[in-house]
Structures are given as C-alpha cells and as structure tokens.
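Trainee: how would this look folded up:
(2 chains)
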Amino acid sequence: MTGTVPDVVLDDEDFETRRRLVVIGNGMAGARAVEEILQRGGAEQFTVTMFGDEPYGNYNRIMLSHVLSGEETDADIFLNSIAWYEENDITLHAGVRATRVDRFSKIVYAQSTVDGTTYESPYDVLIIATGSRSFMPSIEGLRMDDGSLKPGVFAFRTIDDTRGMVEYAEHDDHRRAVVIGGGLLGLEAARGLQAYGLQVDVVHAGSHLMNAQIGPAGGDILRKSVEELGIEVHLKARTTAIMGDEKVQGVYLLDHPLLECDMVVVAAGIRPNIDLAVTSGFTVERAIVVDDQMRTVDDPDVYAVGECVQHRGEVYGLVQPLWEQAAVLADHLTGTDPTAAYHGSRTATKLKVAGVDVAAMGVQGPERDTDEVIVFSEPKRGVYKSLIIRDEKLIGATMLGDTSKVAFLIQAFDQGLPLPEERLEMLFNLGTPAEEVGIAELADDAQVCNCNGVSKGALVACVESGVKSVAGVMEKTRAGKGCGSCKNMVCQVVEWAAGGAVQEDPSANWYVPGIPMDKPELMKAILDQQLRSVSSVFAALAPEGAEDAKSKMGLASLLKMMWADDYIDEKDAKFINDRVHANIQKDGTFSVVPQMKGGVTTPDQLRRIADVADKYDVKLVKVTGGQRIDLLGIRKEDLPKVWADLDMPSGYAYGKSFRTVKTCVGQEFCRFGTGDSTQLGIDLESRYQGLESPAKMKLAVSGCPRNCAESLVKDVGIVAIEGGRWEIYIGGAAGAHIRKGDLLATVDDPETANLLTGRFMQYYRENAKWLERTYAFVPRVGLDFLREVIVEDSLGIAADLDARMQQAVDAYKDPWKEGAAPATPGQFRTSLPLEVLPKVGVRA
Amino acid sequence: MTATVPATGRQFDLGPLSQIPAGEGRAFAVDGQQVAVFHLRTGKVHAVSAVCPHKGGPLADGQIDGAVVVCPLHLNAFELATGCSRNGLPSLRSYPVEITDSGDVVVTV
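Mentor: Here you go, the predicted model:
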C-alpha cells in the first residue's frame, strides 16, 4: 500500500486550539522530552505526534546489553508501551522514518519503513531527536554487493540488532565471535556473547581498553580483569578485512594471522544521525547546532535534543545530559520556566562493564604541573583508583573494581565540594566518619536509586514524614526495588536522616505479617482457642479481626502442620499453587510434576507421560534437578484430565513442603555402592510425601561417599559409608545460598536414619520461621543443640515428635485425586486470556 | 489521562454469585474485556481488570483480604475497591458491581 495519508483530519482541526507539536525520533531523548512536556501540563497546549523508525514503543537502549546477556528479556526494557501513547493521546507513527522537513511550509515528510506509505505532518513546533547510529568503519568485506551487512556481521544499537545477535549466537555451529571495539559497548557485547558459549575476542584499535573514559594504567588493569573472564583482547589492532563469501568466516588484523570466527560485532563508536537536518537546511557541524534553550540556530520553532545535538561545541553520548536537555526544553516550551537554560553537562559514568565495576569522570590524567594526582593500584585484585585535583577541586577520577566511594566523588566533581584533607578518605572507607561526610554532603537532588529515580531528598522526606525503618522507606519510595545495587546507600541515607534512630521493624519476629505474634505465641494461641481454620485465626488473633492476604499461605501451612487431619481446609487461604496442586508459570499456565520416588520410573509410566505430553500439547518436557519429569505449559482447565491420564500421585513440586529425595544407583548395580540408597530414598519419599513445612525440603541419599546424589547440600542428606553405616547431614543448600550440611549423626541401619530424618523434620516444622529454609534454621538454632534434642533426646520430646510426625504421615492424601471432584466451583477455571473464559451476554 | 477503553455504562449479568467461592476470585470475559470478580468472605463483591499491569499475571488466581488482591506471580498488591496499586504500578480498572435479588452478579462496563 502506498499513497499519502494526511495526518490531521480537517474537521478535527476546526475545533483544535492547541498547537501541533511534532517529534522526530522515539528513542530515549524524544520520548523523555515528551514525558517532561506532559508532566508540565503540556497536553493542554499541544497535540503531540511522534515519528520513530523502529516499529516499537520506546525502550531503554542502555539495557540492551542485559538483553544480550539474557539477564532481561526484550519485553522488560520497554519504557513506554504502545498503550502509554494511546493513554496520553499521542499519535505515534512507529516504523515510520521522517525523511525531510519543509521549514517554510512547516511540514514533516515521512515514509513507512514497512510498506512505504508516505506521511505529511504539519507542525507549529518541531523537536528533532534522531539520536545516533553505530559507526561502521570501512573494512573490506564488511558488506555484501547490495550494500547490506555480510551475514554474521552485526551493529549493536537497536533491539533488532540485539535479537539478530542472539539468534545468530545460538546456532550450535557458531563457536567464535570477534568484537571490533574495546569501549564500553564492545566489552558489554563480548561479555554478553560469552553467555551463548562462544569464544570471544575483542579487537581494539586503541592502546588500552575504554580509552575514551580511562587512562592507560586503569585500562591495563581492566584488560587483565576482562582476560580473566576468558575474553581475548587484541590491542593496537586494526581490522583490515572480513573473510567469507556468503557469511563471516574470519577477520584479518594488521600484523596478525587470520582470526577465524563465525560472527563479527562492530562496536566502534556512534555517530549522530544528522542526514535529515542536513537535507532540511539546518546548521550542522559535528551534530545539529543548538542554543541554550535547545533551539536550532536557524529556526525558532525547531528544537533538537539528545545525541544528535551539538551544544557549545559538545556532543554527548551518555544518557544523563539527555535527561538534563529534555528538562530544559520542556521548561522552555511549556513556559513553566521561561529562564530555563542548558549550560552543558559534566559527565560522570558509573557502570558494570563485563562484570567489572567502573566509574570515570572528568580528565584522565594531570594536565598541569600543579595538578595533584593520587593513585592506588592493586592489579592482583583488579582494583585501580586515581584522582586528579586542581585548586582543591576534583577534576577527574577513575575507579575500577571497587566503586564504593563513587557517590561522594561524583558529587564532589559535579558541584566542586570541599575535599577532605586526608586524600585517602576519598579512596577508601577509613572507619565510619568519612562515609557520613559523604552522605551528609550529598546534594538533596542527587539520585540514589537509578532504577526508580529516587533522590536523596525524597528518602530524607520519607524519613521525616515518620517512616524510620529501612524496609518502610524502601516500600514507600520504591528505592532499592529495581536492580538492588543501591540498597547499601539507601540504608546509609536512612540511617543518616534518622540520626541513628533507625527503627527495627517490629514485625520482624512475627510468624506472618498480619498477626502480631511470634511462632511459639501463635501456636499456643491456636491450641488454646482450638482455631482450626485460617479465617478463625484472623477473627480471633488479628488486629480488628482483619484478614491479611500475605499472611494466609503461612497460616494455612502452620494449621495443617498442627492439626493434620483435623485442619479445616479453606481454599481461599491457599496460594494458587496449593489450590490447584501445580506450579504457576509466568504466562499463567502450570507445570505438572508427578511423583517418581527416588527418581525411579518404569517404561509404563514413561509411556503415559509421553502420551499426556502429546495429548495436552505440553510445551516443554523437562527432567528436573530432583530426578523427576516436569510437564510445563499445562492449562489450568486441563489439570484434572492430565492427572487422570497420568494416574500417578502428585510430586508436590509446587508447595512449601517435602519435595523429593534424590538418589544414586546404590549397591544393587553400582560397583562402588556400599548401601541401598535407592531403597532408602523410596522409603523416605513414601513416608514423608506432601508434608507441609515452613519452606520446601529437598532430600537426598547417596550410596557411598562419592556422593553422586549431592547429599551434602540438601535439607537432609544421607550418605552410606563402609561397614553398613549411614551418615545424616542437615541444613545443606545449593540454590540461592550454598551451604554444606552439618553431620547430625552416624547410624547403623536405614530404619534409624529414616526415624531421625522424620524427627528432625518435625522439629524444624514446629520451630522454624515461615519461609526459613533449613540452611538458615540449623545455624540459627545450633547443631549441638539439635543433636542433643534429636539424637540424645535431652528434652525428652523425641517420642512426642515421632508421634506427631506419624499423625502427619497418616493424614496424607494425594491431592491430585481432587481432579475427579473439584473441591470448589470453578477450581480449575482459567483466569487468563489463554483460553475462552465464560462469556456473558448483554443484559436486556 | 483517558482510559484506553471508554466506559459504556452497560450492565452485564455474569450469572449466580455461587460460582465464586467466598474468599476467591474468578475471571470473566465481559464485552471483550477481562474482568476479575472477587467474592469477599464478608459477602462483598469487587470487580477489577483481570490482568496484572506488571507482567500480565492472572489476578483472579491471586489471594485477597478485605482490602487488596495480591498477584500470584510477583506479589504486587492492588486495592480491590479502587484498583489502585500499593506498589507504584499503574492502576487496575475498577468496575461497579452489584448482586441482584435473585443472587446474580451484575457488572457495569
């Protein structure tokens, strides 16, 4: 489809009194400028039309390296979705490239990059925010005959570039990548590509890495850190040609034999996008020349902002100047602050490059004889710090490997703060006073949380409004709730603002947040008042009898543990996983893991699992770490049918409960086996299946000290040793935390091992905090104490623990039997637009 | 700020309240929109949009108390009566809802 589509319909125009604002560019600068304008009530003054040549909403380009490394999905990095534009009444032409501006008739001409449709958009005020593009040096073999990049060659600038790189890197037969450019972006690309199992080489023309930001000595240490990650670095290396006829096969470097590779990423810097401005007759030097109001020097109705701009001779390639420019532009355009002026930015960067902390600001080295230089270098740890001071002011700093003091340095650099006489205090924390000085002198508008944009002033105001706990301030301001890297600083600011009067969170010891009691108090009240359901606990024990959604799951688990068969099961008290006996996934479907005791299965079970996977269109069949088979992507409404077809009991892979027992082959077949580990694993799982607990419990039994079932890192792990004896370890972990289990006891037979396992788990069930795993519980309570109670029965409660455990074991019912007769109406009804919901008609 | 879907003020009968157990929620497709209806243990009924604005979680699967629903995916809380987020996320749309004499749930979209 081609043809000219008029952008504004005439009869709208008749009533429209607002001025027409057109923005060319929907990147971080263009969208930020519009956000700032709307924040200042700009919607009453302007109708807004935006052109973006990428067919998407607006995303955070800085996060593309996280998308490449797989830490974020591309959906995570969108700043404004298409819906945001609709809500704000912005006409967005995504996937439409502006081609020319007619400054005399005040019209922007544009063309769709998808189908070639052309657009004309008249404006009263125009903002050019065309940003930058990757600089592609002229290297032989970079492009095909038709001018397109050779397959395997990538720029690293857009979401499409990143997707292309990921797809290419994932090919099994692609093993080696070369990144051209050893700057920030190049190193990020190199690190990201490693995640796909590629060997990565960085080819850098400069004599040290990141030479735009840091000096040679720092660059040297950075190179060592990068090489330790397995990335080979070639310095002072020029790429002369890219080999391969159909696709990349290698690169030639000057003074270096052929470097064979399957993929080349060009990260050799960026260049402002100025073609449109040049074609349209604006003054362009290195970039579009603007004044202090971000106005082009040629036309008072046309502004420019971001990386495409040259202001007082400077062109910026960082995000912070762009924010400052957008704010000035919005102040000026909306008339909020007619005196607003941009005076340029002092740029300081703090980031993680390829896993190494780097901060850099100002000059890299001394420029005058009188400049003071302070350098600390510890190559072995990859730490390098340097400061340049002139006339008692910080004019430059580099921090590598340790950026703990950077907040103060940025402030000192930015605002010319007085410097401590003991210069060392600027490099290290020498006791607490130096740090307090840093926080105290931090400006109020200094941003502490860079994810959620929370300033020191906002944190202080929150503390002054009466919130005196760190958790409370974080909850209220959202500071520290993004990547979390600023949590330490948030703590310091709160402590400083509260003047040492930071409050302990009173609820820290409560078992659940909605009932003000610790576990022993709560259990006693429940027993005394014979409370058998979650709703009765709220009614009797909660302040004003108020229910609390976030307390329900913990209470339901506790009551089931305490009352076993006499517990009154209220479905609404349970988390969705426990309500439908499956594990909810990110798309609202569920995973189903049937019980497979000790990891032992049969051809008949495997056949049934395969049939179910086919019949219900299972998206992923996955062998789990607990030696079971996970069927992922099951629709909620299919769960009962899946269970019926499987005809196997639930594996409890969803609950805060006993999960599974991992085993090795054991003595039956293994030539090293000293005990029947598989049989003991099966016995344990048969006995304790489905048992509720404060947090999940994963067990293992190994048939010899080679420990193939990884018993030393389980909540309870058992190892058979020579002589028919068995070691019992407790409190191990190998997940978010790693802890080697502690040896509780060595026993003579599997029956005793089974008994002590049950006794320990019962003690844990009765005494651990909600969600406290054994790896935290065991060291908190103490191994010696546990051994006395559980093995030696010093408290005389062993028989009672065993009896209560037996009661819990007897109360076991396979929850998947509920599939045949749902416990509540619509228990398995879908809650998402995955499937057809019950549809209702118009009421007459 | 204008809502994406304009309110039409039309009423829809979702059928009997008994299909939603007390303390739980269920999702309905109403006039092309996904609506989660919650039946509180007090007998009160609330209706909000059914999809969490954070990562698309199914809110009808969430747990509730007298004030909020907690999304099952990342535990973000939204006020049942207003749809307002307790965690700084965009609001849910909230729908007027009432119970008829015959015990049917009627939501206004």
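Trainee: ok, now which ones touch A:Arg346?
Mentor: A:361-362, A:413-414 (Cβ atoms under 8 Å, 6 or more residues apart in numbering or on different chains). Just so you know, the C-beta spots here come from the backbone N, C-alpha and C atoms, and that holds for glycine as well.
Trainee: which SSE is it in?
Mentor: If you go by DSSP states H and E, A:Arg346 is not part of any helix or strand.
Trainee: and the residue of chain A nearest chain B?
Mentor: Among all residues of chain A, A:Asp572 sits closest to chain B, at 2.7 Å; criterion: Cβ to the nearest Cβ.
Trainee: output the below-cut-off pLDDT ranges for the stretch 651-800 of chain A.
Mentor: A:736 (pLDDT under 70).
Trainee: on that earlier part again, which ones are touching the residue of chain A closest to chain B?
Mentor: Counting by Cβ under 8 Å, 6+ apart, A:Asp572 makes contact with A:552, B:21-24, B:41, B:63-64.
Trainee: got the residues of the stretch 451-600 of chain A near chain B?
Mentor: With Cβ under 8 Å from any Cβ of the partner chain as the criterion, the stretch 451-600 of chain A meets chain B at residues A:452, A:478, A:514, A:535, A:546-550, A:552-553, A:570-576, A:579, A:584, A:586-588.
Trainee: and with 10 Å instead?
Mentor: A:452, A:475-478, A:481, A:514, A:534-535, A:538-539, A:542, A:544-553, A:570-577, A:579-580, A:584-590 (Cβ under 10 Å from any Cβ of the partner chain).
Trainee: now do the phi/psi pair for the closest residue to chain A within chain B.
Mentor: Closest approach between chain B and chain A, counting by Cβ to the nearest Cβ: B:Gly23, at 2.7 Å. Per-residue torsions, B:Gly23: phi 90, psi 0 (degrees, to the nearest 10).
Trainee: please name the nearest non-neighbouring residue to it.
Mentor: Distances taken as Cβ to Cβ, 6 or more residues apart in numbering or on different chains put A:Asp572 closest to B:Gly23, at 2.7 Å, once the chain neighbours are dropped.
Trainee: low pLDDT regions in chain B?
Mentor: Filtered on pLDDT under 70, chain B yields the residue ranges B:1-8.
Trainee: residues in contact with A:Gly317?
Mentor: By Cβ atoms under 10 Å, 6 or more residues apart in numbering or on different chains, the residues touching A:Gly317 are A:132, A:183-185, A:212, A:269-272, A:306-307, A:347.
Trainee: export those as CSV, with columns for neighbour count.
Mentor: Converted to CSV, those look like this (neighbours: other Cβ atoms under 10 Å in any protein chain shown):
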residue, neighbour count
A:Ser132, 22
A:Gly183, 21
A:Leu184, 22
A:Leu185, 24
A:Ala212, 12
A:Gly269, 16
A:Ile270, 18
A:Arg271, 17
A:Pro272, 23
A:Gly306, 31
A:Glu307, 26
A:Thr347, 18
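Trainee: which of these fall in helices?
Mentor: A:184-185 (DSSP state H).
Trainee: dump the contacts of A:Gly317 into JSON lines; add distance to chain B as well.
Mentor: Formatted as JSON lines, the contacts of A:Gly317 follow (distance: Cβ to the nearest Cβ, whole Å):
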{"residue": "A:Ser132", "distance to chain B": "31"}
{"residue": "A:Gly183", "distance to chain B": "33"}
{"residue": "A:Leu184", "distance to chain B": "29"}
{"residue": "A:Leu185", "distance to chain B": "28"}
{"residue": "A:Ala212", "distance to chain B": "36"}
{"residue": "A:Gly269", "distance to chain B": "35"}
{"residue": "A:Ile270", "distance to chain B": "32"}
{"residue": "A:Arg271", "distance to chain B": "36"}
{"residue": "A:Pro272", "distance to chain B": "34"}
{"residue": "A:Gly306", "distance to chain B": "26"}
{"residue": "A:Glu307", "distance to chain B": "29"}
{"residue": "A:Thr347", "distance to chain B": "29"}
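Trainee: in a markdown table, list the contacts of A:Gly317 along with pLDDT.
Mentor: Listed next are the contacts of A:Gly317 as a markdown table, based on pLDDT from 0 to 100:
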| residue | pLDDT |
| --- | --- |
| A:Ser132 | 93 |
| A:Gly183 | 90 |
| A:Leu184 | 86 |
| A:Leu185 | 88 |
| A:Ala212 | 84 |
| A:Gly269 | 89 |
| A:Ile270 | 91 |
| A:Arg271 | 93 |
| A:Pro272 | 95 |
| A:Gly306 | 95 |
| A:Glu307 | 94 |
| A:Thr347 | 78 |
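Trainee: need the pLDDT of A:Ala195.
Mentor: We have a pLDDT of 87 for A:Ala195.
Trainee: I figured it was touching A:Ala169, is that so?
Mentor: Yes - if you go by Cβ atoms under 10 Å, A:Ala195 and A:Ala169 touch, sitting 8.3 Å apart.
Trainee: which neighbours do those two share?
Mentor: A:Leu68.
Trainee: briefly note if stretch B:96-109 comes near chain A.
Mentor: Yes - using Cβ under 10 Å from any Cβ, stretch B:96-109 reaches chain A at B:100, B:104-109.
Trainee: what's the longest helix in chain A?
Mentor: Chain A, longest helix under DSSP H: helix A:750-767.
Trainee: quick one: list the elements packing against the helix or strand following that one.
Mentor: Per DSSP H and E, the first helix or strand lying C-terminal to helix A:750-767 is helix A:774-781. In terms of contacts (3 or more Cβ pairs under 10 Å, 6 or more residues apart in numbering or on different chains; DSSP states H and E), helix A:774-781 is packed against strand A:725-730, strand A:733-734, strand A:738-739, strand A:742-747, helix A:750-767, helix A:783-790.
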